[in-house]
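**Q** how would this look folded up:
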Amino acid sequence: MKTNLKNLLLATAIIAVYLLSACGLHAADGHTFIELKGHVTSVFSAAFSQDGKKIITRDSDKTVRIWDAESGEELQRLEGHADSVLSAAFSPDGKKVVTVGEDKTVRTWDVDSGKELQILEGHTDTVLSAAFSPDGKKVVTVGEDKTVRTWDVDSGKELQKFEGHAFRDAVFSPDGKKVVTVAESETVTPVTATESAKTPLIRDPIRRWHDANVSRDVTIRFWDADSGKELKTLKVYEDDSTLFTGKPIKSVVLSPDGRRVVVIFGIPQGISDHSVIPQSARIWDADSGKALWELGQVDHVVFSQDGKKIAASTISVTKLSFTPTPGTYNHTVRIKNIGSGKESPRLTGHTSRIISSAFSPDGKNIATASRDRTVRIWNADTGKQLEKLEVNTQVEHPLFPSYVNFVAFSPDGKKIITASADHIVRIWTLKSDFNPPPLNINTTFPDSRLPRLLRPLRR
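**A** All right, here's what the predicted structure looks like:
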């Protein structure tokens, strides 16, 4: 009798677990979600495969994981890097994965078996990012060794090496025939001892003192992907105005099609919301070099997948305070249609810093994740809030509070994925019936931009 009761309880537990995994958990606000558990450190990024059936996640350790997007089951654990992995991306057909990291290697993997296919060696310093070509046959990588390299995915052979610049980003053009790179350079103007005593220093509280006689510029270069020949050079930003003199460049962002570039500059932010120092940003057209938009107090920017819209997370200081008493800040998102020049109504509602933003595949909606532990879905044209997701993270730390690090849409726009500091990835089913048309999106975009936005350029 006792044995039968134990078997019955065991069977009931198994059925309950199955139903829970199939139906998902339910948040207090009524949203259904699935939790992907297994990471032991904070998860910094996640991305869907192009068919939406699998998810790839990366934490601050040496491990990349592949999950079933429906059940939440861990399918593969990609282990082999000797140091932290900084970028991971699916190939366009979803059959392979490329990873790069601080061990100076580029690695390709088979998604179904988890087998390591190739170790691409050549970079002599940390590899920051990797992106597949549109046909999935090549990979472009950006290294801190001041090189961008292209590789044959099947053979692992290095095809081209572009060098001599402090590269921050690189993508293939939509037709795969060109490689577009963006690089930052720094020039120090020699001064005499007398002049040096008069030279102002601008303090960066996070990194170092910046000499006002140091000028910086950002250059976009277009290269032939087959021959490696430089086709065009365009200097889109030159530190020649008193407004930006001496300010470090925080990040450089290239649109998915390589046609737009954003430079964010100013003093980097500290750990706390209350140590925010407003920054500024400029957006340029990469073909003409024309400035398209300039705005202040910018934290981060994100492009829509077609490159036609850009969203900027801004922090408006209404009451500045450098004392233990917090200042007052407004956290908003500004969206602009680059083609028409029209700016949408500002997205307001978050009560703390906005960490991550992502457009839906069709560009009609945008998701924003904040330190206020909410993810909000907005209409990108009207600014109307469509949904609000309450993310109850489980880990607290005095210096690094638990919040959502990353947000991204599924290819069909019906789900979003969040990566959190509590080591958990969540897949949320949205209530709104967006029904966007299926798009052939670049699944390398979400994670390939992340590392160089967070890491300072090594001089």
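
**Q** Could you find the closest non-adjacent residue to Arg373?
**A** Excluding the flanking residues, the one nearest Arg373 by Cβ to Cβ, 6 or more residues apart in numbering is Val391, at 5.1 Å. Backbone N, C-alpha and C define where each C-beta goes, glycine included.

**Q** Next, find the distance separating the one you found from Glu158.
**A** Distance, Val391 to Glu158, using Cβ to Cβ, to the nearest Å: 42 Å.

**Q** Comparing these two, which shows the higher neighbour count?
**A** Legend: neighbour count by other Cβ atoms under 10 Å for Val391 and Glu158, higher for Val391 (23 against 16).

**Q** check contacts around the more buried one.
**A** Val391 makes contact with Ala369, Arg373, Thr374, Val375, Tyr403, Val404, Thr418, Ser420, Arg426, according to Cβ atoms under 8 Å, 6 or more residues apart in numbering.

**Q** Among the residues you listed, which ones are in helices?
**A** Using DSSP state H, the subset of the contacts of Val391 located in helices is empty.

**Q** So for the residues you listed, which is the shakiest by pLDDT?
**A** Within the set of those, pLDDT is lowest for Tyr403 (75).

**Q** State the number of residues packed around that one.
**A** Tyr403 - counted by other Cβ under 10 Å - has 22 other residues nearby.

**Q** same thing with Ser155?
**A** For Ser155, the neighbour count with other Cβ under 10 Å is 10.

**Q** From Leu117, how far off is it?
**A** From Ser155 to Leu117 the distance is 10 Å (Cβ to Cβ).

**Q** Then Ser129?
**A** Counting by Cβ to Cβ, the separation of Ser129 from Leu117 is 19 Å.

**Q** Look at the two and report which has more neighbours.
**A** It is Ser129, of Ser129 and Leu117, that has more neighbours when counted by other Cβ under 10 Å, with 27 against 15.

**Q** The more buried one reaches Ser87, doesn't it?
**A** Yes - counting by Cβ atoms under 8 Å, Ser87 is a contact partner of Ser129 at 4.5 Å.

**Q** for stretch 139-157, which positions count as buried?
**A** If you call a residue buried by 16 or more other Cβ atoms under 10 Å, then stretch 139-157 has these buried ones: 139-151, 153, 156.

**Q** Of those residues, which is the nearest to Val302?
**A** For the buried residues of stretch 139-157, the minimum distance to Val302 (Cβ to Cβ) is 18.6 Å, reached by Val142.

**Q** give me every residue that touches the closest one.
**A** Per Cβ under 8 Å, 6+ apart, neighbours of Val142: Val127, Leu128, Ser129, Ala130, Val148, Phe167, Arg168, Asp169, Ala170, Thr181, Arg452.

**Q** Out of those residues, flag the one nearest to Ser91.
**A** For the contacts of Val142, the nearest to Ser91 is Ala130 (10.7 Å; Cβ to Cβ).

**Q** gap between that closest one and Gly413?
**A** For Ala130, the distance to Gly413 equals 26 Å [Cβ to Cβ].

**Q** Same question for Ser185.
**A** Distance, Ser185 to Gly413, using Cβ to Cβ: 39 Å.

**Q** Which one of the two is surrounded by more residues?
**A** Set Ser185 next to Gly413 and count neighbours by other Cβ under 10 Å: Gly413 wins out with 22 against 14.

**Q** wait, isn't the more buried one in contact with Phe359?
**A** No - Gly413 is beyond contact range of Phe359, at 9.7 Å (criterion: Cβ under 8 Å).

**Q** Out of the buried residues of stretch 139-157, give me the two with the largest separation.
**A** Pairwise distances across these peak at 23.7 Å for Lys146 and Val153 (criterion: Cβ to Cβ).

**Q** okay, and the common contacts of Gly413 and Phe359?
**A** Common neighbours of Gly413 and Phe359, counting by Cβ under 8 Å, 6+ apart, are Asn365.

**Q** my read: Ala369 touches Ser352, true?
**A** No - between Ala369 and Ser352 there is no contact under Cβ under 8 Å: 10.6 Å.

**Q** Compare neighbour counts for those two and give me the winner.
**A** Between Ala369 and Ser352, Ala369 has the larger neighbour count (other Cβ under 10 Å), namely 27 against 15.

**Q** Contact partners for that one?
**A** By Cβ under 8 Å, 6+ apart, Ala369 lies in contact with Ile354, Ile355, Ser356, Ser357, Val375, Val391, Tyr403, Val404, Asn405, Phe406, Val407, Thr418.

**Q** Report the separation between it and Lys178.
**A** Where Lys178 is concerned, Ala369 sits at a distance of 33 Å (Cβ to Cβ).

**Q** try Leu295
**A** Distance from Leu295 to Lys178, by Cβ to Cβ: 29 Å.

**Q** which of the two has more neighbours?
**A** A direct count of neighbours by other Cβ under 10 Å for Leu295 and Lys178 places Lys178 higher, at 18 against 15.

**Q** dump the residue contacts of that one.
**A** Taking Cβ under 8 Å, 6+ apart as the contact definition, Lys178 lies against Phe172, Phe222, Trp223, Asp224, Ala225, Leu231, Gly258.

**Q** Report the buried members of these.
**A** The neighbour-count criterion (16+ other Cβ under 10 Å) marks Phe172, Phe222, Trp223, Ala225, Gly258 among the contacts of Lys178 as buried.

**Q** Kindly indicate which of these lies nearest Asp93.
**A** Relative to Asp93, and with distances defined as Cβ to Cβ, the nearest of the buried ones among the contacts of Lys178 is Phe172, at 15.4 Å.

**Q** show me the contacts for the residue lying closest to that closest one once chain neighbours are set aside.
**A** Computed as Cβ to Cβ, 6+ apart, the closest residue to Phe172 that is not its neighbour in sequence is Ser133, at 4.6 Å. Contact analysis of Ser133 by Cβ under 8 Å, 6+ apart lists Val139, Val140, Phe172, Gly176, Ala225.

**Q** coming back round to it: now, which of the contacts of Ala369 sits nearest Ala291?
**A** If you rank the contacts of Ala369 by distance to Ala291 using Cβ to Cβ, Ser357 comes first, at 22.1 Å.

**Q** Tell me the secondary structure at the closest one.
**A** Of the three states, Ser357 takes strand under DSSP: H, G, I helix; E, B strand; the rest coil.

**Q** and the nearest residue to Gly296 once chain neighbours are set aside, how many neighbours does it have?
**A** For Gly296, ignoring the flanking residues on the chain, the nearest one in space by Cβ to Cβ, 6+ apart is Ser280 at 4.6 Å. Neighbour count of Ser280, defined by other Cβ under 10 Å: 17.
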